[in-house]
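*Asks:* Here is my input, please return the structure:
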Amino acid sequence: QQYYNPGSTTLKGRVYMVGNGDIREASEDKTLRWLGLPKNRYQFVTTYNGRLIVGSRKGILSYDVETNAIDTLSTEILHPWCAAKDAEDHLWVGSSPGLYSISKDGITTKTDYPQKLIITTMTDDKRGNIIFASADSLFMIRNGQVVPMSNQIPELAGHEIRSLYVSPRGFLVIAVIDGLFLSRIDKECQLSDVRFFDHLNGFTALEPQMATMAETSDGTIWMAGLEEMTSFRPADLYTYSEEDTYIA
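*Replies:* As a prediction, the model looks like this:
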């Protein structure tokens, strides 16, 4: 029986999804194929330097979609959950034991950060900055340094973060276990106009999953929930939100 974990990426016009024990490729002509990776429990798939990067419980693999060549990027990172690339061309990986960076030369370095809990979600802002979460705390990686962000949005306290997304339209989307935080985010990664949405004010998704959010050309963001896919446009939520949803 086949199933998919909540994680996907795109490369060279194809979509790659995390399956049970392998990665599945979907081409534009709707052709499906399994890549044939060593059977393992894969946690995520992303892209780095033109190749697929796949995280498993035994380490990080690099896969060339044209030649089908598989290389081991790192075996030092156990139980990885997520990864993203920064402006210095380092791949940052969040895992159960902590935060790691991998250079283009393949050197793996563990980086200290205050929370010291499992890192289960991270995203980049397409400018080389990375935002990641641990429990209910938010952090940013900028110029190789880890900077806490929770002081900009203290209302996150007590809300376990499940998924993050930075929209090119200037929104930070934070899916938490009991709802959704929206914030405007500028080029310096400063947050403003933070609002919270849950079932009491129009946000109906149940328990957002640790998944990649995706945005279509009209600004609609799609997010996986426990029982359904949810779509919304941040600008519309701001427009139609009631005054009592305003936080900061």
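*Asks:* Every contact and neighbour count from this point should use C-alpha atoms.
*Replies:* OK.
*Asks:* Below-threshold pLDDT in the protein: ranges please.
*Replies:* Applying pLDDT under 70 to the chain flags the ranges 1-3, 6, 115, 201-211, 225-227, 240-248.
*Asks:* quick one, helices of it?
*Replies:* Counting by DSSP state H, one finds helices in the chain at the ranges 234-240.
*Asks:* what about residue 39, neighbour count?
*Replies:* 11 (other C-alpha atoms under 10 Å).
*Asks:* ditto for the one 3 residues further on
*Replies:* For residue 42, the neighbour count with other C-alpha under 10 Å is 26.
*Asks:* now do residue 216
*Replies:* Neighbour count for residue 216, taken as other C-alpha under 10 Å: 9.
*Asks:* Against residue 68, how distant is it?
*Replies:* In this view, residue 216 and residue 68 are 30 Å apart by C-alpha to C-alpha, to the nearest Å.
*Asks:* How about residue 125: what's its closest non-neighbour residue?
*Replies:* Nearest residue to residue 125, sequence neighbours excluded (C-alpha to C-alpha, 6 or more residues apart in numbering): residue 166, at 5.5 Å.
*Asks:* what's near enough to touch the one you found?
*Replies:* Contacts for residue 166 (C-alpha atoms under 8 Å, 6 or more residues apart in numbering) come out as 123, 124, 125, 172, 173.
*Asks:* Reformat those residues as a markdown table; add neighbour count and distance to residue 107.
*Replies:* Below are these laid out as a markdown table (neighbours: other C-alpha atoms under 10 Å; distance: C-alpha to C-alpha, whole Å):
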| residue | neighbour count | distance to residue 107 |
| --- | --- | --- |
| 123 | 22 | 22 |
| 124 | 21 | 21 |
| 125 | 20 | 24 |
| 172 | 24 | 31 |
| 173 | 20 | 32 |
